[in-house]
Every structure is written in structure tokens, then in C-alpha cells.
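**Student:** quick one: sequence plus predicted model below, questions after.
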Amino acid sequence: MAEKLALKGGKKTVPADMIHPWPEVTDEDRKAVAEVLTVADIQEQQKIQSESLAKEWADYMGMKYCIPVNSGTAALHMCVAGLGLEPGDEVIVPAFTFWASAAAVLHHNVIPVFVDIDPKTFCIDPALIEPAITERTKAVMPVHIHGMPADMDPILEIAKKHNLKVIEDVAQAHGARYKGKLCGAMGDAAGASTQRSKVLSSGSQGGLFMTDDEDIYKRAALLEYFGELVTPGREREEQEYNAYGLGWMYRDNPFSQAFVRSQLKRLDKNNALRVVNCNYLTENLSKIKGLETPYVPEECEPVYYNYVVGFNPDELDMDISPKQLREKVQEALGAEGVSTGQWQRLPVPEQEIFQARVGYGKGCPWKCTDSKVTYEKGAYPRSSEFIASHCYVFGINPPNNLELMKIYAEAFEKVMDNIDQIL
């Protein structure tokens, strides 16, 4: 018997105010942030929080060096700088990612070269990297998108074969593992984000640069504070006012760092709860015709920054596009109280900055380095197909639990069983 959808006046599935926001803020978090104000000289806290977070994150990752900064984009830019890349050099980047991955490359007058994604994991497709390599290619940037590890072994093998560096974008994958290895600890340098929504959250903005290489670390460090080498909180005592390179102002603030340090203590526990929630959704949504749930390779341990659902009208014998089905189902799910959304709207190389090759004045770094790199629309079909046919299910974060996931599954089943009401 057909059940009337909430969109058509039926009863809403998910009770109002049942979905808890992220990050979950505890008394320990509040205490950690409040402690920043317990000293008479707050400048002292700049040093304490920065150095403590650097050590704690490096220890967690099993790496030698970490520099806390004010965004994941800054951390990735420091990777590019740390590798010693020069104007006109090229870095291979996946066509599906947040455009900050490519922006970090452009910030150093280096040129992003895009390749398409693996159709199952939505990470960069290693098989497409080698054909994109030119004499100008100096690095490749795998992005562990949605908290899913990229296929690192073939990427590292290609990099070794062609003498390329590897920059890992770990913005969405803190704690994710590939063949037992932490994402971010396999390449030459890595950048992570602690922006409010990330699985390791600052509650605001922030980032973490990391490497095991001392030379990369020293070059990257020059970007953090105007090209000078100064310990945070020790400017008056140590600053030479002598820039050793073209630096930016990438420092983070002690309040965000204190919050991250507190959240880090619960990172693995929170990630484990995300996995439980998402495994439940996969187990139940995979039984529903017309839906596609996340594929997890055997060697990967994702952390589910996002839970991704795809829509396949062919399974329902419907003569509509995946995008049309997705939009209709999302509207119905929203009425049922399930929070879903879109993220990217088009592949990064199809954004205006690349189509017009805006860059820095008069089209640099392309024109000023005589670059032949182009960004053809339609050249990244898998990225475009993914964007059209998939959406994100929100609320999979702690403290939300299986009680909510069970209701989510009921809402999906209700909508898909009564699909005729929304088409």
C-alpha cells in the first residue's frame, strides 16, 4: 500500500531537532579554549598552543614535522613551496576536488594539470596520471576525497619512476588509512584542513602542514610568517625583520588550536562512530533499487567526511537522467527531514578561473611561463557524471547514532517505494 510522502502532505519521517550538528562541543573543549585566557600575557599562549598542536599532530601521524596554519589551503601552498617548485612547473591534480587543491598550486605560480577520477572511489585515477606527465611535471597531488583514501601504491610507483614529488591533500581524511598507513604519511608532504566541518575540527578555520623531510620543512616554514623565521609568541625577542623569502601570513590563532588539540583526543573514537553510522546506511540503502552506496576497496579504511549516495534511474526503468532523479529524491527527502545537499557543481577545471585563465594579471602563470596547458570543457566526464548523479547525506557525524541512521534508512525506503508521487 502506497504511503503518502511528506512532500505531498504525509507524515514527516525524521523528528524535528533530532539531528545534532558538528562538531560536538564538550565541556573538555570549552575548558581547553578557556585556558587560553588564564594567563596574563596571551602572547605566551600563541607559542604554547602552536608548539603543542604541532607536536601532538606529528606524534599522531608518526611524522617528524608539523606546522599549524590558518587553513588547509595554506598548508597545501606550503607543500608546494616546501618542494621547491618554480613558476611554470606543473602539478597533477584530480578534476573533482574543492578548488583549493588547485588554488594552492596557483598561489605559487605553478600550473595545475587535471586528470579525471576513479569511477568507484571518486579519488584521482592512477591510470590517468602517466599520460598527463610532461617535462614540466614536478609533482602529483592525490586528494583523499570524502575521507576515502586514494590508491596510493600505484601513485607512489609512478612518482618514483618519473622523479615526481607527492603532495597528499588530507583535508577530509584525518585518520583514514590505506593498507594500514595513515593518509598524509605516505607522500613527501601533506596538508590537512581543520575547518569547522572537517572530521578534525577547529570550530572555525585552520590547517596542518606535515612532512618528514627537513629541507621541505624549512622551505615551507618561510611561508608561515612573511618569509621570516620566528617562533610564534617570540616575535619581540627573536624577530630580525629580515625576510628570507616571499612569505604570507598563514599563522593560526591559539583559540582554534586549543580546540583542535581537545578534539584530537577524540578523533579516532569519533571516526569509528562515523564508520558505524555509514556502514549501517550502506547495508540498508544498498538494498533499495535506484540507489548506489559508497564502494570501499579492501585496502582502504575511510573516515566518511561525507556519506555519498548515487542515483541510477536505469534500475527503476525510468526515462529520466540521474540528475533529474537525484533532484526529485532530494526534494522528497528534505520534506521527510533528511538533510542532503550538493557540494561541487562542476569539475574544477571547468570553473571560470581556468576557462578564462585569469590567474595573476595578464593570465599568469600560464602566459608568463609560455604554458601550453589547456582546460577543455567535457574532458573530465567521470567528474561531471559524479556531480550530476550523487548527493551527500548530512548528519552522519557523532553524536548522531544508529537511532538516527535507522530513521534515515526508513525515509529513503519510503521515498523510493513511492517514487511515482514525485515524478
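**Tutor:** Sure thing, it's come through.
**Student:** for the rest of this, base every contact and every neighbour count on C-alpha atoms.
**Tutor:** OK.
**Student:** shaky segments in this structure?
**Tutor:** The chain contains residues with pLDDT under 70 at 1.
**Student:** if I look at the closest residue to residue 232 other than its chain neighbours, how far off is residue 160?
**Tutor:** Once flanking residues are discounted, residue 232 sits nearest to residue 47: 4.9 Å by Cα to Cα, 6 or more residues apart in numbering. According to Cα to Cα, to the nearest Å, residue 47 stands 38 Å off from residue 160.
**Student:** now swap in residue 194 and tell me
**Tutor:** As judged by Cα to Cα, residue 194 and residue 160 stand 30 Å apart.
**Student:** compare those two (neighbour count), which wins?
**Tutor:** Applying other Cα atoms under 10 Å to residue 194 and residue 160 shows that residue 194 carries more neighbours, namely 27 against 12.
**Student:** could you list every residue that touches the more buried one?
**Tutor:** 71-72, 171, 200-208, 260 (Cα atoms under 8 Å, 6 or more residues apart in numbering).
**Student:** still on that earlier bit, which element is the residue nearest to residue 232 on?
**Tutor:** helix 42-61 (DSSP states H and E).
**Student:** now what about that helix, what contacts it?
**Tutor:** Contacts for helix 42-61 (Cα under 8 Å, 6+ apart): 36, 39, 64-68, 182, 184-185, 210, 231-234, 252-254, 257-258, 260-261.
**Student:** buried set for it?
**Tutor:** Neighbour counts over helix 42-61 (16 or more other Cα atoms under 10 Å) mark 45, 46, 48, 49, 50, 51, 53, 54, 55, 57, 58, 61 as buried.
**Student:** I'd like the residues you listed laid out as CSV, including distance to residue 120.
**Tutor:** Formatted as CSV, the buried residues of helix 42-61 follow (distance: Cα to Cα, whole Å):
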residue, distance to residue 120
45, 45
46, 43
48, 43
49, 40
50, 38
51, 39
53, 35
54, 35
55, 36
57, 30
58, 31
61, 27
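**Student:** nearest to residue 241, of these?
**Tutor:** residue 46 (19.2 Å; Cα to Cα).
**Student:** follow-up on the earlier one: among the contacts of residue 194, name the ones in helices.
**Tutor:** Of the contacts of residue 194, the ones assigned to helices by DSSP state H are 72, 260.
**Student:** now intersect the contacts of residue 194 with the strands, please.
**Tutor:** Counting by DSSP state E, those place 207, 208 in strands.
**Student:** adding neighbour count, write the contacts of residue 194 out as JSON lines.
**Tutor:** Output for the contacts of residue 194, formatted as JSON lines (neighbours: other Cα atoms under 10 Å):
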{"residue": "71", "neighbour count": "24"}
{"residue": "72", "neighbour count": "28"}
{"residue": "171", "neighbour count": "32"}
{"residue": "200", "neighbour count": "31"}
{"residue": "201", "neighbour count": "26"}
{"residue": "202", "neighbour count": "25"}
{"residue": "203", "neighbour count": "21"}
{"residue": "204", "neighbour count": "16"}
{"residue": "205", "neighbour count": "20"}
{"residue": "206", "neighbour count": "27"}
{"residue": "207", "neighbour count": "28"}
{"residue": "208", "neighbour count": "28"}
{"residue": "260", "neighbour count": "28"}
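**Student:** residues contacting residue 305?
**Tutor:** Residues near residue 305 by Cα under 8 Å, 6+ apart: 146, 147, 172, 173, 198, 199.
**Student:** how about the strands in the stretch 251-400 of the chain?
**Tutor:** 291-292, 300-301, 307-311, 340-341, 390-393 (DSSP state E, counting those that start in this stretch).
**Student:** just put those in JSON lines and tack on mean neighbour count and distance to residue 324.
**Tutor:** Shown next, in JSON lines, are these (neighbours: other Cα atoms under 10 Å; distance: least, Cα to Cα, whole Å):
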{"stretch": "strand 291-292", "mean neighbour count": "18", "distance to residue 324": "14"}
{"stretch": "strand 300-301", "mean neighbour count": "20", "distance to residue 324": "32"}
{"stretch": "strand 307-311", "mean neighbour count": "22", "distance to residue 324": "9"}
{"stretch": "strand 340-341", "mean neighbour count": "17", "distance to residue 324": "14"}
{"stretch": "strand 390-393", "mean neighbour count": "21", "distance to residue 324": "11"}
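**Student:** okay, those in TSV with distance to residue 91 next?
**Tutor:** Listed next are the strands of the stretch 251-400 of the chain as TSV, based on distance: least, Cα to Cα, whole Å:
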stretch	distance to residue 91
strand 291-292	32
strand 300-301	25
strand 307-311	27
strand 340-341	30
strand 390-393	27
